[in-house]
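# coords below, sequence missing:
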C-alpha cells in the first residue's frame, strides 16, 4: 500500500490498481464457491523476473489478509499459485472472475466496495 505524504491516508485507488496489474499475470486455475486458485502465468511480462511475480503474490496475500469475507490465503511458490478461501455470503462467486478480468459488473463491484471500505477504514485509523 502506498501512503500519501501529505495526509498519510492509504491510496485505495493505487491498491486496487495493483490488484488489477497482478490480475493480468494470473489465470483462474480452479474455482468453486468459497475457494479460488489463481495460477501465475508461466511467461512473466518482458523485463519482469519470476521472483517479482511471487513477491507480488505475497503482497496480494498481505493486502487481502484482513478483508471481510476472506477466510484464508495461501501462496504456493513451487506451484506458482495462490489459493483464496472466501465467504460466498459476502463475496459472490462471479466477483472473482469479473474483478480479475476488469469486467464492470455488480458482482465485481461488491468486491471493489469491500476493498475500498477496508482500506478507507485503515486510512482513518
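Happy to help now that I have it. Computed from a prediction, not measured in an experiment: that's the story for all the values here.
# pLDDT below threshold where in this protein?
1-22, 42-54, 56-57, 60, 63, 65, 119-125 (pLDDT under 70).
# how does it look with 90?
Where the chain drops to pLDDT under 90, the residues are 1-27, 40-70, 72-82, 99-102, 111-125.
# And the strands in it?
26-32, 35-40, 70-76, 81-86 (DSSP state E).
# out of those strands, which comes closest to residue 101?
strand 26-32 (9.0 Å; CB to CB). Using the backbone N, CA and C atoms, a C-beta is placed for each residue, glycine as well.
# same for that closest one, what does it pack against?
strand 35-40, helix 95-100 (3 or more CB pairs under 8 Å, 6 or more residues apart in numbering; DSSP states H and E).
# Next, count neighbours for residue 68.
13 (other CB atoms under 10 Å).
# hang on, isn't it packed against residue 118?
Yes. Using CB atoms under 8 Å, residue 68 is in contact with residue 118, at 6.8 Å.
# Out of the helices and strands packed on strand 26-32, which is closest to residue 25?
Of the helices and strands packed on strand 26-32, nearest to residue 25 by CB to CB is strand 35-40, at 6.3 Å.
# Adjacent strands (with direction) for the closest one?
Strand 35-40 has the following strand partners under DSSP bridges: strand 26-32 (antiparallel), strand 81-86 (antiparallel).
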